[in-house]
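Pasting a predicted model and its sequence here:
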Amino acid sequence: MISIKDVEHVALLARLSLTEDEKQVYGKQLSDILENVRKLQDLNTEGVPPTAHVLDLQNVFREDRLGEHMPVDQVLANAPDRQDNFFKVPKIM
Amino acid sequence: MQLHHLTAHQLHDMLVSKQISAEELTRAVFERIEQVEDKIRAYITLTKEQALELARQVDRARLAGEVLPTLAGIPLAVKDNMCTKGVRTTCASKILYNYTPPYDATVIEHLNQARTVMVGKTNMDEFAMGSSCENSAFFTTCNPWDNARVPGGSSGGSAAAVAAGETILALGSDTGGSIRQPASFCGVVGMKPTYGAVSRYGLVAYASSLDQIGPLARDVTDCAMMLNVICGHDPLDSTSAPYAVPDYTAFLTGDIKGVKIGVPREYLGEGIDPAVREVIQKAIETYTGLGAVVEETTLPHTEYALPAYYIIAPAEASSNLARYDGVRYGYRAAEAEDMVDMFMQTRSEGFGSEVKRRIMLGTYALSAGYYDAYYNQALKVRTLIKADFDRAFKQFDLLLGPTAPVTAFKRGEKVDDPLQMYMVDICTLAINLAGIPAISIPAGMVDKLPVGLQLIGRPFGEGDILRAAYAFEQHTDHHRMLPE
């Protein structure tokens, strides 16, 4: 069972601010889902390697050469706020 | 039959023999859109002027005697999670409501080179998280067979557009069934290729080890023609597989004598609607009649696919969706005191409830103290699920079952119960975890609603799947059924 405190902790990690109602609803729904997921623990997986990825690809590198890049104005075209050639954000400290 | 209900290969012949022009075809599709879009609501964005201009260019090139690619002039709908240069790409999310990509996804580049004509961007569940299109931040799409029902999801807009004649071809993406399940619900063909067969560059990421782009079409031939265009290695996607792409239409022979097809008993067991099961049993009889050898088999870890998926996919999503912070693109909350407050407000206002739910779930599964119990255990179970398929494919060329346990359900029926909604994908999730290819093709009707047959193949065995799908299509009429 996930407590409201757990919900608040996870929300902070995920940078989400939740209303009191949302905390209640997510607490219940996440508990239900995790209850269902607990089934995974029934399986004995000793000695079974984890699969993070299905392809046998490793360390896909490209040559370290300068390529074409996007003009700055195009990069900044979607910015919610900009100043000169920078993304502008609220004060950090 | 009206142009908007024909297949790409039929239209290709008509274009080449100059019975019609690409502009006429594009206009016919937009007339159809104007006629039915009020009811279906498949599109988030329509690109009519751009489409007509592209069509005219195709016509001019053909008149000038140029030999054009097979899909030249064919209308195409694109799920709104693939980047299209200069055309808004929203992922059906408020957080990307105003995002206009400065570049094309690799699949879009391929389809542009093939000179298809994009008519618009289709509705979906927000960030491809959902099974009904009800998680779109903008509006819900209706199933063309019954407007009170969902088209499936998450590529519901693309499937509905193909079924309703609002496009000829469409692109979808499939992380746990998001191409195949809406194809099943809408009575069209939909294929998830092998992981790594199609570049994900420019596809907005949901769960990167599972996401794969694929075609939605009216028949298997169109599906094969589209695969020919979109498959292939891409240096811009480090998970793209280096392999030689065959001509997939060469597999459409109609001959499947001696092909060994396994039917996993788990796919016809508990939780499958008996009427759906009956349609699949009939399909098995059809295959036996065509000379295939059909036998029962087992994928013993099937019941663990859903729990493994709902740890792995949300875990990857929680990481992938960290980029939506209101800094570089998309929505930004207006009044924020400082940077962290801006992140929190932007994300809370910008994401819908299912997206937040999965971010929370994934963050929890990856957080200190739970990583081994949940995430790492899920990855180990993924190994077991993949091993089930490896074992089955030693004995069989293909596996067969339903695409979804039910037909299209009513809007609103499952929105309040996430687990019930997740269950709709029980027949498709394991295929993404194993990274293998699968198709859904129309196999019959239950109460005037389409039922999809799923054929599953070995890694990079798309050709074998298409061969069997085509043989079925040649001997049945299900793919010719049209909604009223």
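Here it is on my side, so go on.

From now on I want contacts and neighbour counts done on CA atoms only, so please keep to that.
Fine.

So which elements touch the helix or strand of chain B with the lowest mean pLDDT?
Here the helix or strand of chain B ranked lowest by mean pLDDT, DSSP states H and E is helix B:418-423, holding a mean of 87. With contacts taken as 3 or more C-alpha pairs under 8 Å, 6 or more residues apart in numbering or on different chains; DSSP states H and E, helix B:418-423 sits against helix A:20-37.

Which elements pack onto the helix it packs on?
Looks like helix A:20-37 contacts helix A:4-13, helix B:305-320, helix B:353-366, helix B:418-423 (3+ C-alpha pairs under 8 Å, 6+ apart).

Tell me how many other residues surround the residue of the stretch 351-484 of chain B found nearest chain A.
Using C-alpha to the nearest C-alpha, the closest approach of the stretch 351-484 of chain B to chain A is made by B:Lys380 at 4.1 Å. Per other C-alpha atoms under 10 Å in any protein chain shown, the neighbour tally for B:Lys380 reads 23.

Distance check, it against A:Asn44.
10 Å (C-alpha to C-alpha, to the nearest Å).

what's the distance between the closest residue to A:Asp73 other than its chain neighbours and chain B?
Counting by C-alpha to C-alpha, 6 or more residues apart in numbering or on different chains, A:Asp73 lies nearest to A:Asn85, which is 7.7 Å off, once chain neighbours are set aside. Noted for A:Asn85: a distance of 12 Å to chain B, by C-alpha to the nearest C-alpha, to the nearest Å.

I'd guessed A:Asn85 sits against A:Gln74; true?
No. At 10.7 Å, A:Asn85 does not count as touching A:Gln74 under the criterion of C-alpha atoms under 8 Å.

follow-up on the earlier one: weakest of the helices and strands packed on helix A:20-37 in terms of mean pLDDT?
With a mean of 87, helix B:418-423 has the lowest mean pLDDT of the helices and strands packed on helix A:20-37.

for the most centrally placed residue in chain B, what are its contacts?
Nearest to the geometric centre of chain B sits B:Ile179, at 2.1 Å (C-alpha atoms, centre = their mean). By C-alpha atoms under 8 Å, 6 or more residues apart in numbering or on different chains, the residues touching B:Ile179 are B:Gly153, B:Ser154, B:Ser155, B:Ala159, B:Gly172, B:Ser173, B:Gly190, B:Met191, B:Lys192, B:Gly214, B:Pro215, B:Leu216.

For whichever helix or strand comes after the least confident helix or strand of chain B, name the packing helices and strands.
Sequence-wise, the next helix or strand downstream of helix B:418-423 (DSSP states H and E) is helix B:429-434. The contact analysis (3+ C-alpha pairs under 8 Å, 6+ apart) places helix B:429-434 against helix B:305-320, helix B:377-395.

most packed of those?
Burial of the helices and strands packed on helix B:429-434 is given as mean neighbour count (mean count of other C-alpha atoms under 10 Å in any protein chain shown); helix B:305-320 ranks first at a mean of 24.

Just checking that helix against chain A, any contact.
Yes. Helix B:305-320 comes into contact with chain A (C-alpha under 8 Å from any C-alpha of the partner chain), by way of B:Pro307, B:Ala308, B:Tyr310, B:Ile311, B:Ser318.

Look at B:Glu473 and tell me its secondary structure.
Three-state call for B:Glu473 (DSSP: H, G, I helix; E, B strand; the rest coil): helix.

check contacts around it.
Here B:Glu473 is in contact with B:Asp219, B:Val220, B:His479 (criterion: C-alpha under 8 Å, 6+ apart).

Pull the contacting residues for the first one.
Think B:Asp219. B:Thr7, B:Val188, B:Val189, B:Ile441, B:Glu473, B:His479.

Of those, which one scores lowest on pLDDT?
Scoring those by pLDDT puts B:His479 last, at 86.

my guess is B:Met191 contacts B:Gly214, does it?
Yes. Assessed by C-alpha under 8 Å, B:Met191 is found in contact with B:Gly214 at 5.6 Å.

Any regions of the stretch 351-484 of chain B where pLDDT drops low?
Nowhere does the stretch 351-484 of chain B drop to pLDDT under 70.

rewinding a little: buried residues, the least confident helix or strand of chain B. List them.
Residues of helix B:418-423 classed as buried under the neighbour-count rule (16 or more other C-alpha atoms under 10 Å in any protein chain shown) are B:Pro418, B:Tyr422, B:Met423.
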